[in-house]
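Participant: Attaching a predicted model along with its sequence, questions to come.
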Amino acid sequence: MKNNNKEIFIPGPCGRIQARYCKSEKQGSPIALVLQPHPQYGGTMNNKIVFELYNIFYKNNFSVIRINF
């Protein structure tokens, strides 16, 4: 299973939102949205728990997105 991890930017009224998206190779796969802990308390999309959840979902044939807000 190759990792086709892409950085994307979602436009919004207050600016762009950075995200990482990985589309599953399996047709009709479910989608998981992995959110970070609150940034005021040190949360980022690169938090080790967020990163691990992202990889676990991908390894289980989900398309996955994690955003940095």
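Facilitator: Right, received. Where do you want to start?
Participant: Doesn't Lys26 lie inside a strand?
Facilitator: No - going by DSSP: H, G, I helix; E, B strand; the rest coil, the assignment for Lys26 is coil, not a strand.
Participant: What is the neighbour count of it?
Facilitator: For Lys26, the neighbour count with other CB atoms under 10 Å is 11. Where C-beta positions appear, they are placed from N, C-alpha and C, glycine not excepted.
Participant: Kindly report the same for the one 3 residues further on.
Facilitator: Number of residues near Ser29 (other CB under 10 Å) recorded here: 16.
Participant: if I look at it, how far off is Pro11?
Facilitator: Going from Ser29 to Pro11 by CB to CB, to the nearest Å gives 25 Å.
Participant: Leu33 now?
Facilitator: To Pro11, Leu33 is 17 Å away according to CB to CB.
Participant: One more: Ile56?
Facilitator: 29 Å.
Participant: which of Leu33 and Pro11 has more neighbours?
Facilitator: Using other CB under 10 Å as the criterion, Leu33 and Pro11 rank with Leu33 on top: 11 against 7.
Participant: Secondary structure element for the more buried one, which one?
Facilitator: strand 31-34 (DSSP states H and E).
Participant: so how many other residues sit close to Phe62?
Facilitator: Neighbour number of Phe62 under other CB under 10 Å is 19.
Participant: May I have the beta-bridge partners of the closest residue to it other than its chain neighbours?
Facilitator: In space, and not counting its chain neighbours, Phe62 is closest to Ala32: 4.6 Å by CB to CB, 6 or more residues apart in numbering. Beta-bridge partners for Ala32, by DSSP bridges, are Val64.
Participant: for the closest residue to Phe69 other than its chain neighbours, phi and psi?
Facilitator: What sits nearest to Phe69 in space, not counting adjacent residues and going by CB to CB, 6+ apart, is Ile17, at 5.9 Å. When read as degrees, to the nearest 10, the backbone of Ile17 gives phi -110, psi 120.
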